[in-house]
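Student: missing the sequence, but the structure's below:
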C-alpha cells in the first residue's frame, strides 16, 4: 500500500515477503524534503532527510539510496497518478475575455493538460461585485464555459470537464457591492 503525504514527500508503507512495515521520505520534484513522524508504541522516529527510512523492529533510522528506492518501490511510484494542479485565470471587467497577464498562465495550463492522458477537470467561474447578481451568475458560468472550450480545443474530452459559475458569492478579495476588483474576476481550474 502506498500513501501520498502532505507536502513534498511520499511515505511508503509496504509489506515485503517477511512482513516489515517501511516508511521512506522522498524528495519532491523541486527537491523539497518534508517530515514524517513514525510512532510505534513508545518508539518515535523523525524522518526529515532525503531517503530517511524507518523499518518496523529497527530502533535506528536508516537511509536508502535513490537506486535502492527505485529498485524496491519504483513500480509503485511510477504507477501513482500525477499530483493535482491548480490554475487561476483572470478576465476583463464584464467579459469572458482573458486579461493579457493571464494568457501566459493559459499556455502553461494547456501544456500541463496535454501531458495528462485522462485528466479530471473542474472549472469554476467567478465575478467581482459589479452588476447585479443574476448577470454575474450568468457571466461566471460563461467564463467557465469559455475555459472549457480552450480545453476541448486541445483535445480534452468534454465529459472529463465539469464547470460551475459562482457569480460574486466566493470573492477572493472581499469587497462591498459595485467594486471593480480584478482578482475576483477569475476562473479556477483544478486538474486531477
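Tutor: Nice, I can see it. Keep in mind the model is a prediction, meaning the values are calculated, not measured.

Student: Quick check: which element contains residue 139?
Tutor: With elements taken from DSSP states H and E, the one containing residue 139 is helix 133-153.

Student: likewise residue 188?
Tutor: Per DSSP H and E: residue 188 is located in strand 186-191.

Student: residues making contact with that strand?
Tutor: Contacts made with strand 186-191 from outside it, assessed by Cβ atoms under 8 Å, 6 or more residues apart in numbering, are listed as 84-91, 109, 112-113, 116, 119-126, 143-144, 146-147, 172. In short, each C-beta sits where N, CA and C put it, glycine included.

Student: What's the PyMOL syntax to select whichever of those residues are buried?
Tutor: With 16 or more other Cβ atoms under 10 Å as the burial test, the buried ones among the contacts of strand 186-191 are selected in PyMOL as follows:
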select buried, resi 85+87+89+90+91+109+113+116+119+121+123+124+125+126+143+144+146+147+172
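
Student: And residue 66, how far from residue 78?
Tutor: When distances are taken as Cβ to Cβ, to the nearest Å, residue 66 and residue 78 turn out to be 14 Å apart.

Student: Same check on residue 84?
Tutor: Applying Cβ to Cβ, one obtains 18 Å for the distance of residue 84 from residue 78.

Student: can you check residue 114 too?
Tutor: Distance of residue 114 to residue 78, computed by Cβ to Cβ: 20 Å.

Student: who has more neighbours, these two?
Tutor: Taking other Cβ atoms under 10 Å, residue 114 and residue 78 do not tie; residue 114 has more neighbours (12 against 8).

Student: Now the more buried one. Nearest residue, chain neighbours left out?
Tutor: Nearest residue to residue 114, sequence neighbours excluded (Cβ to Cβ, 6 or more residues apart in numbering): residue 154, at 6.0 Å.

Student: any idea how far residue 61 is from the one you found?
Tutor: Counting by Cβ to Cβ, the separation of residue 154 from residue 61 is 46 Å.

Student: next one: residue 97
Tutor: When Cβ to Cβ is applied, the distance between residue 97 and residue 61 equals 55 Å.

Student: Show me what the helix holding residue 139 packs onto, helices and strands only.
Tutor: Contacts of helix 133-153 with other secondary structure elements, assessed using 3 or more Cβ pairs under 8 Å, 6 or more residues apart in numbering; DSSP states H and E, are made with helix 103-114, strand 121-125, strand 161-165, strand 186-191.

Student: so how far is it off the chain centroid?
Tutor: Here helix 133-153 shows a centroid-to-chain-centroid distance of 22 Å under the convention Cα atoms, centre = their mean, to the nearest Å.

Student: list the buried ones in it?
Tutor: Within helix 133-153, judged by 16+ other Cβ under 10 Å, the buried ones are 136-137, 139-148, 150-151.
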